[in-house]
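1. Here is a sequence with its predicted model. Questions after.
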Amino acid sequence: MAQAQSHLTISEVPNGVTRVVFAVRNILDESMIHQIGEEIAGLVAVSNNPKALISFRGVEHLSSTALGMLISIKNKIGAKGGQLRLSDIDPKIHEVFRITRLDTLFQIHADEASALKSFR
Amino acid sequence: MSHAPAHPIRKSWDIPSTLPVVRDLVEEVAQLLDAAVWGAEAVFAVRMGLDEAVANAVKHGNQGDAIKRVLVEMALHPDRVELKVRDQGGGFDPLALPDPTGADCIGRTHGRGVMLMRVYMNEVCYNWQGNEVSMMRHRDRGPQA
């Protein structure tokens, strides 16, 4: 069976941080969200104290299911003593985080550079 | 001279309870709003409200049973869009939902859809059974948050 196409661009950056960038503009489709969650969870699973930066550069829409997926990833990273940062969130999407108060749950940075500096 | 139509554009969809169809429907409505030269923030808001309403109808209302249908009606007026989403489930009590921003709910992975509908649409109301939601969004009015 052919492997599903990834919706992420994943790279390793200095300081042991895994950088994840969405390769899609809209994170609305449930099967895509499930696939994204599984892929990031797989990255987290192979590290002892994972450090992950998820960049929202280019993302224009997301759903409440996508928010749930991010919380699930945060919990998985937290359970392994890791750190998660979010960056480059479009103002309209940042407003969704603010309305749901998830801006208090996640460490959100304006850009990748400030997010990378914040890892301990 | 305004390019807005004098009369509402009416469309309706009768879709199976499968999530890929939801994505296509939301995209079609967004394209209709784009064609009517709605602003980006209003289109974002309608996409958010409609996606959450139809996804809820598919997942929770019809519990993913593809045999059950979801009916969606749209009336696009020059100054607003009215949307109605009905499923074939038993309904629910929207007033009984916990506040997803509360300390005991903030970490949950679900339960934010109805709140987002209420914030991004200007009006949201349910029928008595709780299996039909009617929503309205003004073209030029921001979210109520």
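-> Received, thanks.

2. can we go C-alpha only for contacts and neighbour counts from here?
-> Fine.

3. What about the closest residue in space to residue A:97 that isn't next to it in sequence, how many residues nearby?
-> Spatial nearest neighbour of residue A:97, excluding adjacent residues (Cα to Cα, 6 or more residues apart in numbering or on different chains): residue A:103 at 5.1 Å. By other Cα atoms under 10 Å in any protein chain shown, the residues close to residue A:103 number 15.

4. do residue A:92 as well
-> Residue A:92 has 15 nearby residues by other Cα under 10 Å.

5. Thought residue A:58 was touching residue A:93, still the case?
-> No - at 11.0 Å, residue A:93 and residue A:58 do not qualify as touching, with contact defined as Cα atoms under 8 Å.

6. for the chain, what spans make up the strands?
-> As the question left the chain open, I've gone with chain A. A:8-13, A:17-22, A:26-27, A:51-55, A:61-62, A:83-87, A:108-109 (DSSP state E).

7. if you could check chain B rather than the one you did, that'd help
-> B:9-16, B:69-76, B:80-86, B:123-126, B:132-138.

8. need these in JSON lines with mean neighbour count, can you?
-> Listed next are these as JSON lines, based on neighbours: other Cα atoms under 10 Å in any protein chain shown:
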{"stretch": "strand B:9-16", "mean neighbour count": "14"}
{"stretch": "strand B:69-76", "mean neighbour count": "20"}
{"stretch": "strand B:80-86", "mean neighbour count": "21"}
{"stretch": "strand B:123-126", "mean neighbour count": "16"}
{"stretch": "strand B:132-138", "mean neighbour count": "21"}
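
9. Using PDB, write out every CA atom in stretch B:123-133.
-> In PDB, the C-alpha atoms belonging to stretch B:123-133 read as follows (Å, rounded to 0.1, in the frame of the first residue of the first chain):
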ATOM      1  CA  GLU B 123     -26.200  34.800  15.200                       C
ATOM      2  CA  VAL B 124     -26.400  31.100  16.100                       C
ATOM      3  CA  CYS B 125     -29.600  29.400  17.200                       C
ATOM      4  CA  TYR B 126     -30.700  25.800  17.400                       C
ATOM      5  CA  ASN B 127     -34.100  24.200  16.900                       C
ATOM      6  CA  TRP B 128     -35.800  22.700  20.000                       C
ATOM      7  CA  GLN B 129     -34.400  19.200  19.200                       C
ATOM      8  CA  GLY B 130     -30.900  20.400  18.800                       C
ATOM      9  CA  ASN B 131     -30.300  18.800  15.400                       C
ATOM     10  CA  GLU B 132     -30.600  22.000  13.300                       C
ATOM     11  CA  VAL B 133     -28.500  25.100  13.600                       C
END
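
10. Alright, I will stop here.
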